[in-house]
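Colleague: how does the following fold in three dimensions:
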Amino acid sequence: MDHMTKSEPSPAGAPLPVSVVIPAFNRPEMTRRAVLSALAQRPFAAAEVIVVDDCSTDDTGAVAAAAGARVVRHERNMGEGAARNTGIGAATQPWIGLLDSDDEWRPNLLAALWPLRDGHVLLVGSAMYRRGGAGADRNLGPMFDRPSRQRTPTALLYPSNFVPNSAVLVRADAVRDAGGYRPELRMGADLDLWLRVLERGTGIMSPEVVVDYHLHPGQVTQDRDSTAEYHLRILRSYEGRPWFSAARVEGWRGGVGWDEMRRSLRAGRLAAGARAGLFVARHPARIAGLAGILFHRHRMRRRTAQLRALS
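Modeller: Next up is the predicted model:
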């Protein structure tokens, strides 16, 4: 990683050439919160906020329009990936800001990421996962001390995908050239896209927290087994790329096996726990990878504690 310095922002008061894309389906209040957070950026505003109403059966689209978004409506429900692609296709600006309808940009996102853009295709900040309740939040994002350059997609193979989808600014031409989101992927479509985008240019990863990721019932990312299955399928689909590393993928699988072992043992499923433990122990790269993942998680917990103390 190469550490970076900031370039000059746009002139004060001028909207930044950024189209914020928010896919939405039957989430009027969450969508309203997301739109307002995109419009509340200070001191630099985005040029436009686009909500793609994925054929909602309620007033999601009307609520988004009333909040200040330009609304594009699907006449049939096509899924989140297709909705994001529609928004990217409708965007008029050279940069895309991605924001899920259940997430919330902090007022500093554009101010933090925009000055880092020179020569890069992907700008990434950090997120706080909001679970509710005292001490329940968790930091997710780059574990560097200052903004750092990512030259290839390799770092996203292991220890985890540290790119929160709603903490991203991406060059519109890069994401379109990469083919956009693959709508057939029910999970992990963001990781899949970042791997292809980083084949087309470098990224900047910043530790600054710029988004709140609100956890709630019904999110597909709560299905850990399916999430891991899709994640592995996506990573393996890039075998043969010059940046692909089988050892890194096996290291990531070591962490998956560890987590499965712990869940199984807590649930009293001793045989399943033993199988998961043996899965990790059978491969040296999984053992080494697990050690790195446990250290990474330790750093995440420390970063989370530091951020709580500052809030």
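Colleague: what about the strands in this structure?
Modeller: 2-3, 16-24, 46-53, 70-73, 95-98, 103-105, 122-130, 138-140, 148-150, 168-171, 203-214 (DSSP state E).
Colleague: contacts only, for the closest residue to residue 108 other than its chain neighbours.
Modeller: Distance criterion CB to CB, 6 or more residues apart in numbering; nearest residue to residue 108, sequence neighbours excluded, is residue 210 at 6.0 Å. For every residue, glycine as well, the C-beta is placed using N, CA and C. By CB atoms under 8 Å, 6 or more residues apart in numbering, the residues touching residue 210 are 105, 106, 108, 109, 112, 113, 125, 126, 127, 167.
Colleague: where in this protein is pLDDT low?
Modeller: Applying pLDDT under 70 to the chain flags residues 1-13, 132-136, 216-222, 311.
Colleague: list the helices and strands the helix ranked longest in it packs on?
Modeller: Looking across the chain with DSSP state H, the single longest helix is helix 284-310. Applying 3 or more CB pairs under 8 Å, 6 or more residues apart in numbering; DSSP states H and E, one finds that helix 284-310 contacts strand 138-140, helix 246-266, helix 270-281.
Colleague: buried sites along the last one?
Modeller: Read it as helix 270-281. Buried residues in helix 270-281, counted by 16 or more other CB atoms under 10 Å: 273, 276, 277, 279, 280.
Colleague: doesn't residue 264 make contact with the second one?
Modeller: Yes: checked against CB atoms under 8 Å, the pair residue 276 and residue 264 is within contact range at 6.0 Å.
Colleague: was I right about residue 19 contacting residue 96?
Modeller: Yes: Residue 19 lies in contact with residue 96 (CB under 8 Å); the separation is 5.7 Å.
Colleague: any residues in contact with both of these two?
Modeller: Joint contacts of residue 19 and residue 96 (CB under 8 Å, 6+ apart) are residue 172.
Colleague: would you mind getting the angle between the longest helix of the chain and strand 203-214?
Modeller: 60 degrees (axes from the mean of the first three to the mean of the last three CA atoms, to 10 degrees).
Colleague: helix 284-310 to helix 246-266, inter-axis angle?
Modeller: 70 degrees.
Colleague: mind listing what's buried in helix 284-310?
Modeller: Residues 285, 286, 287, 289, 290, 292, 293, 296, 300, 303, 304, 307 are the ones in helix 284-310 that count as buried (16+ other CB under 10 Å).
Colleague: now do stretch 251-268
Modeller: By 16+ other CB under 10 Å, the buried positions in stretch 251-268 come out as 251, 252, 253, 254, 255, 256, 257, 258, 260, 261, 264.
Colleague: for the first one, give its distance to residue 289.
Modeller: If I follow you right, that is residue 251. 2 Å (CB to CB, to the nearest Å).
Colleague: spell out which residues are contacts of both of these two.
Modeller: Residues touching both residue 251 and residue 289 by CB under 8 Å, 6+ apart: 158, 159.
Colleague: by neighbour count, which of the contacts of residue 210 wins?
Modeller: Per-residue neighbour counts (other CB atoms under 10 Å) across the contacts of residue 210 peak at residue 167, which has 33 neighbours.
Colleague: contacting residues for it?
Modeller: Shown in contact with residue 167 (CB under 8 Å, 6+ apart): 109, 124, 125, 126, 127, 141, 210, 211.
Colleague: is it true that the second one touches residue 209?
Modeller: No: using CB under 8 Å, residue 124 is not in contact with residue 209, being 12.0 Å away.
Colleague: between the two, who's got more neighbours?
Modeller: More crowded of residue 124 and residue 209, by other CB under 10 Å: residue 124, with 27 against 23.
Colleague: ok, that one - contacts?
Modeller: Residues in contact with residue 124 (CB under 8 Å, 6+ apart) are 113, 141, 142, 162, 163, 164, 167, 168, 203, 204, 205, 206.
Colleague: which of the residues you listed has the most neighbours?
Modeller: Neighbour tally across those (other CB under 10 Å): the maximum, 33 neighbours, falls on residue 167.
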